[in-house]
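1. 3D, please:
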Amino acid sequence: MPCAVLFLCFLMLCAFPAAQMNKTSAKPDLSHSQVSEMVMRLYKLTPSVIRDLPSYYDQNFHLTVTEGGDYILKIMNTEDSKNPALIQVQTHAITILHQHGFPVQTVLPTTTGQLLSLEDIECGFGCQKYLVRLLTYLPGITISKVPYSPQLLYETGKTAAKMIKVLQELEHPELSVLQRDEFKWSLLNVPMLEEYIYVMNGDPIQEVVKSVIQGYKTSVVPARASFRKSINHGDLNDLNVLVQPDENDGYKISGILDFGDMSSGHCIYDLAITVMHLMIEHPKPIEVGGPVLAGWESVLPLKEAERHALYLLVLSRFCQALVYTRYSVLLHPENEEYLMITSKRGFHILRHLWELGQTQVERVWFHSAAQYCDRK
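-> Got it, this is the predicted structure:
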């Protein structure tokens, strides 16, 4: 390997946050026999089939049990297991959402009535403590695998807004843990991208990313005082929304997954994240915004400051995905295929949206949203 490449890798490893490094090295690695023993001991259930599920930091299993039913066993990495309050708030949030009729997982209590269990487990590098949860299994396939009809996009936006409305009222004694000031994926923390942008060196998209960050700082930051505050799901992407066929030869939402990126922020952030991620698999990405926006505004009409910020927030999310993914790939090239899912088309979509400009993109989104509402 050339010296310059070795030096770059060294710099990146030095710059990589310690907690992130620890997460990777502290990922659990349970065998199927360990899973069976733990599930029988904690839940009095007997797994007949154990399937490994992909996860970057944690370890997840899809279980079918002889007593009947399917479940998801989640074993947190040792770093996140040190912060049970955050997991407790996330668990409380999905419990409240389930009570309001949202298709989210529920957490099964252990035989002693606990929703979380801190377990001492030997995974080959000494006994470590891991938080364990058993969740219900939600049927369906990810929305990324089906055609995006305008109606499905509308329902996704509407569901996201309804969920935000419930989360706005969330109460919990540990709610302050969601004030995640150093969480780099939060749309509150777009300027943090400047610490990582060197990984784009030589890439033509780098100048676009720099311009988006500057636009965020000059236009979005001063307007945030006018945004409505909320608790954000934080990762309403096309792999975290499940769908099933409906009676009209289309699809309906059957599940909302993964609340691990929950944080305090503003309502508009989840709309921007949803629009951005649904663009990735759409043949005409710019057409996504209108129906999603129409669905959202059927529940939470945007304030003027929020409407004006939407374009830059969507582009900011693209920048986060591109920069942080490139960063992770250089550190962990063995995970390149998994990590680059969003980046494969994101580069071209970001450039296209930037070249069209805010006025033209907003014209398409808001005109399409108004037309869709008129037809309903």
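
2. can you list the buried residues in the helix or strand where T95 lies?
-> In this assignment (DSSP states H and E), T95 forms part of helix 84-99. Neighbour-count burial for helix 84-99 flags P84, L86, I87, Q88, V89, Q90, T91, H92, A93, I94, I96, L97 (criterion: 16 or more other CB atoms under 10 Å). Where C-beta positions appear, they are placed from N, C-alpha and C, glycine not excepted.

3. and the last one, how far is that from V361?
-> Separation of L97 from V361 (CB to CB, to the nearest Å) stands at 31 Å.

4. phi, psi of the residue minimising distance to the centre of the chain?
-> Here the mean C-alpha position of the chain is nearest to the C-alpha of D235 (CA atoms, centre = their mean), at a distance of 2.1 Å. Phi and psi for D235, reported as degrees, to the nearest 10, are phi -150, psi 50.

5. tell me the contacts of it?
-> The contact partners of D235, taken as CB atoms under 8 Å, 6 or more residues apart in numbering, are W185, D258, G260, D261, I273.

6. among these, which pair sits farthest apart?
-> Pairwise distances across those peak at 13.8 Å for G260 and I273 (criterion: CB to CB).

7. the nearest residue to E281 once chain neighbours are set aside: how many residues sit nearby?
-> Distances taken as CB to CB, 6 or more residues apart in numbering put S144 closest to E281, at 5.1 Å, once the chain neighbours are dropped. Neighbour count for S144, taken as other CB atoms under 10 Å: 17.

8. regarding S144, what is its secondary structure?
-> For S144, the reduced secondary structure class is helix; criterion used: DSSP: H, G, I helix; E, B strand; the rest coil.

9. for V49, same thing?
-> Using three-state DSSP, the structure places V49 in strand.

10. what do you get for S328?
-> The assignment at S328 comes out as helix when based on three-state DSSP.

11. start the count at 36, not 1, going forward
-> Right, with 36 as the first residue, what we last looked at is S363.

12. what about it, how many neighbours?
-> The number of residues packed around S363, counting by other CB under 10 Å, is 21.

13. measure it to D238 for me?
-> Plainly put, S363 is 16 Å away from D238 if you go by CB to CB.

14. shouldn't T99 be within a strand?
-> Yes: note on T99: a strand contains this position according to three-state DSSP.

15. give the bridge partners for it, please.
-> V84, D105 (DSSP bridges).

16. surely it meets V74?
-> No: with contact defined as CB atoms under 8 Å, T99 and V74 do not form a contacting pair (11.3 Å).

17. tell me the pLDDT of V70.
-> pLDDT, the model's per-residue confidence, is 95 for V70.

18. show me where this protein has strands.
-> Per DSSP state E, the chain has strands spanning 82-88, 94-100, 105-110, 142-143, 152-157, 162-171, 176-177, 264-267, 276-280, 286-291, 298-301. These are given in chain order.

19. contacts only, for the closest residue to A344 other than its chain neighbours.
-> Closest residue to A344 apart from its sequence neighbours, by CB to CB, 6+ apart: V255 at 5.1 Å. For V255, the contacting residues are V225, A344, L347, L348, S351, by CB under 8 Å, 6+ apart.

20. distance of the spatially closest residue to I240 that is not a sequence neighbour from Q355?
-> In space, I240 comes closest to F382 once its chain neighbours are excluded; the distance is 5.7 Å by CB to CB, 6+ apart. F382 is 13 Å from Q355, where distance means CB to CB.

21. go on, Q241?
-> 14 Å.

22. surely H67 meets I85?
-> Yes: using CB under 8 Å, H67 makes contact with I85 at a distance of 4.7 Å.

23. ok, back up a step: same for the helix holding T130, what does it pack against?
-> Of the remaining helices and strands, those touching helix 119-134 by 3 or more CB pairs under 8 Å, 6 or more residues apart in numbering; DSSP states H and E are strand 142-143, strand 162-171, helix 185-203.
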